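Chemist: structure for the following, please:
(2 chains)
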Amino acid sequence: MKKYICTVCGYVHEGDSAPETCPVCKAPASEFRLEAEEKKPLLGGKNSNAYIITYSVVMVVLVAAVLAFAALKLQPIQNANVELETKGAVLASIGQGAGAAEAADKNAYINDEYNKYITDAFLVNEAGERVDGNAFEVLKNIKAEYDKPAAERLLPVFVSNVDGQVRYILPVYGKGLWGPIWGYVALNSDWRTISGVVFDHKGETPGLGAEIAGEKFQSQFEGKSIFSGDELVAIAVLKGAGSSAGNPNAVDAVSGGTITSRGVQQMLLDCLSGYKAYIEQQLAVAADAANPLNAECHE
Amino acid sequence: MNSKNMKYLFGPLNKNNPVIVQILGICSALAVTAQLKPAFVMAMSVTVVTAFSNLIMSALRKGIPDRIRIIVQLVVIAALVILVDQVLKAYVYDVSKQLSVYVGLIITNCIIMGRVEAFALGNKPWPSFLDGIGNGLGYGMILIVVAFFRELLGNGTLWGVSVIPASWYIQNGGFYANNGLMLLPPMALILVGLIIWIHRSRNKDLIEK
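Modeler: The predicted structure is shown next:
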């Protein structure tokens, strides 16, 4: 049975054809239109519960599949980026690896430089004893080490040799304003003066706190000393341009990035203190060797 | 391309700009405009996300149950943003580090949901796609203008390259100092305000009675 609707008054006629005139308003048959037969909608229509639940389940599964696929495909590239970045940062702290931007194959370049200049890498603990383990693997997950209590931490030390000049690179890790900050401090072979630093961060404000990763902030550290007399004081980060002038244990903070700058200061103090026992041991060895009386004994 | 589609694409660049006329997406305009490079990548990312979320939502618009409309929009937008974030991490790692959380926060950028609600759900996919691109570019344009002034006046650099001669600086015996205030977020708000002022004084019909 078809339904015909009068477009003038809305009267509904049921039958095989439209009536000659509308019984209500007397409109002719041409004014009637055929109403499409009602189809039974899928799962009871767009707004039924069954449809909504099916829709959401299918959508969630689809989206999850796409995202999982993308994550799996991109994961190796992302991991390689992180590893490359870590090696690049280690190199940057000793002033190497700057040619990476121009290198045809950045990946190979960084790896070559890394293997060339980093001659040794080992782990120490808070008591200053050397511990077995792969320093680079520990470094990649340095956060986990600093989450442990101080006595259980494994602290990586990298030894670099650039044209006969030996330097020690100590990774540091701490808190900025919005998230973690980390870096590498390269010490000269006297274990006291800094030859260079590199800092990086997860989410400090671009243009403000993020400037700790900039050349201007980092270059201040060169030649500063982490010792004041015989005490390990690390490096203070002082507010106000020029306030650190002449102070061998301090640098200027980043303007507008006070909390991040304080984070850097705290990070350097906390992390370098962890190496204190090892550094003092090394200093004692150096003092021994420098002492002419001992030197004679060894002969 | 017919004139209607041209309007969808270019309208948001001027008289229907999402930032300075519709006042949407101000939050991220403050956060990422201290330097040009992150602002540019942010602009591109938002353009991709608005364009494709508009396209997908418009293609799905007849099948979406009304009651879970917003949830579906969020899922689609969030999925796109995660994809963009993953791709940035894999191929432009440096910039993705600089943008960090702000890429994730594209999800909450009101331009995207605003365009999906206001346009994509009522229009065909192709015009919706153009509308998404137009709005993304309109947003990006303001970001880049603001970032240009903030980086230049706040840091003396453009795209990370120093453009102010070193001898001009006071510490080198010159007369010039960077304006640190430019780097702080409130300055972006003031710059956006200035842009709105100039824009409205040239387009009198936009001025509220």
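
Chemist: neighbouring strands - and their directions - for the lengthiest strand in chain A?
Modeler: Secondary structure of chain A read by DSSP state E shows that its longest strand is strand A:165-175. According to DSSP bridges, strand A:165-175 forms sheet pairs with strand A:155-162 (antiparallel), strand A:180-188 (antiparallel).

Chemist: right, and the ones you listed - which one's nearest residue A:67?
Modeler: Distance to residue A:67, taken as C-beta to C-beta, is lowest for strand A:180-188 among the strands paired with strand A:165-175, at 25.0 Å. From N, CA and C alone the C-beta is placed, and that goes for glycine too.

Chemist: can you tell me what sits against the following helix or strand past that closest one?
Modeler: Using DSSP states H and E, the next helix or strand after strand A:180-188 towards the C-terminus is strand A:194-201. Under the criterion C-beta atoms under 8 Å, 6 or more residues apart in numbering or on different chains, residues A:89, A:92-95, A:167, A:176, A:179-188, A:209-210, A:212-213, A:217-218, A:221-226, A:235, A:260, A:264, B:97 lie in contact with strand A:194-201.

Chemist: can you say which of those residues are buried?
Modeler: Among these, those scoring as buried are A:89, A:92-95, A:167, A:176, A:180-188, A:209-210, A:212-213, A:217-218, A:221, A:224-226, A:235, A:260, A:264, B:97 (criterion: 16 or more other C-beta atoms under 10 Å in any protein chain shown).

Chemist: tell me, how many residues neighbour residue B:31?
Modeler: Using other C-beta atoms under 10 Å in any protein chain shown, residue B:31 is surrounded by 19 other residues.

Chemist: wait, it sits on residue B:185?
Modeler: Yes: in this structure, residue B:31 is within contact of residue B:185 by C-beta atoms under 8 Å, at 6.8 Å.

Chemist: end-to-end on stretch A:172-188?
Modeler: Stretch A:172-188 has an end-to-end distance of 16 Å (C-alpha to C-alpha, to the nearest Å).

Chemist: give the contact list for residue 192.
Modeler: Looking at chain A here, since you left the chain open. Residues in contact with residue A:192 (C-beta under 8 Å, 6+ apart) are A:225, A:226, A:227, A:283.

Chemist: hm, I was asking about chain B
Modeler: Residues in contact with residue B:192, defined by C-beta under 8 Å, 6+ apart, are B:19, B:20, B:26, B:29, B:142, B:146.

Chemist: residues contacting the first one?
Modeler: With contacts defined as C-beta under 8 Å, 6+ apart, residue B:19 is in contact with B:25, B:26, B:29, B:111, B:138, B:139, B:142, B:143, B:192.

Chemist: what secondary structure does residue A:212 sit in?
Modeler: Judged by DSSP: H, G, I helix; E, B strand; the rest coil, the three-state class of residue A:212 is helix.

Chemist: residue ranges with poor pLDDT in the stretch 101-250 of chain A?
Modeler: Across the stretch 101-250 of chain A, residues meeting the criterion (pLDDT under 70) sit at A:101, A:206-207.

Chemist: spell out which parts of it neighbour chain B.
Modeler: With the criterion set to C-beta under 8 Å from any C-beta of the partner chain, the stretch 101-250 of chain A comes near chain B through A:178, A:179, A:200, A:202, A:203, A:205, A:206, A:207, A:208, A:210, A:241.

Chemist: how about the residues of chain B near chain A?
Modeler: Contact residues (C-beta under 8 Å from any C-beta) of chain B with chain A: B:31-32, B:34-35, B:38, B:63-68, B:71-72, B:75-76, B:79, B:82-83, B:86-87, B:89-91, B:93, B:97-101, B:150-151, B:154-155, B:171, B:180, B:183-184.

Chemist: which among the residues you listed end up buried?
Modeler: Among the residues of chain B next to chain A, those buried by neighbour count (16+ other C-beta under 10 Å) are B:31-32, B:34-35, B:38, B:64-65, B:68, B:72, B:75-76, B:79, B:82-83, B:86-87, B:89-90, B:93, B:97-100, B:150-151, B:154-155, B:180, B:183-184.

Chemist: which non-adjacent residue is nearest residue A:162?
Modeler: Spatially, and ignoring its direct neighbours in sequence, residue A:162 is nearest to residue A:117 (5.5 Å; C-beta to C-beta, 6 or more residues apart in numbering or on different chains).

Chemist: same question for stretch B:142-162, mean pLDDT?
Modeler: Across stretch B:142-162, the average pLDDT comes to 87.

Chemist: pull out the buried positions in it.
Modeler: So stretch B:142-162, judged by 16+ other C-beta under 10 Å, has buried residues B:142-143, B:145-156, B:158.

Chemist: which residues in chain A form helices?
Modeler: Counting by DSSP state H, chain A has helices at residues A:49-93, A:106-117, A:135-140, A:142-147, A:215-218, A:258-274, A:276-290, A:292-298.

Chemist: coming back round to it: so of the buried residues of stretch B:142-162, which ones are in strands?
Modeler: Using DSSP E, the buried residues of stretch B:142-162 in strands are residue B:158.

Chemist: ok, residue B:31 to residue A:173 distance?
Modeler: Noted for residue B:31: a distance of 25 Å to residue A:173, by C-beta to C-beta, to the nearest Å.

Chemist: how about residue 191, what does it touch?
Modeler: Because you didn't say which chain, this covers chain A. When contacts are counted by C-beta under 8 Å, 6+ apart, residue A:191 touches A:168, A:279, A:282, A:283, A:286.

Chemist: you looked at the wrong chain, it should be chain B
Modeler: Neighbours of residue B:191 in contact, by C-beta under 8 Å, 6+ apart: B:145, B:146, B:149, B:150.

Chemist: with adjacent residues omitted, what lies nearest to the second one?
Modeler: Looking back up the chat, that one is residue B:146. According to C-beta to C-beta, 6+ apart, the nearest residue to residue B:146 is residue B:33 (4.4 Å).

Chemist: can you give me the pLDDT of the residue in chain B that chain A sits nearest to?
Modeler: Taking C-beta to the nearest C-beta, chain A has its nearest neighbour within chain B at residue B:34, 2.6 Å off. You'll see residue B:34 listed with a pLDDT of 82.

Chemist: what about the helices in chain B?
Modeler: Ranges of helices in chain B, per DSSP H, are B:3-10, B:26-31, B:36-60, B:69-91, B:93-99, B:101-104, B:110-118, B:125-155, B:185-202.

Chemist: so what's residue B:53 closest to, chain neighbours aside?
Modeler: Residue B:53's closest residue in space is residue B:77 (C-beta to C-beta, 6+ apart), at 4.9 Å.
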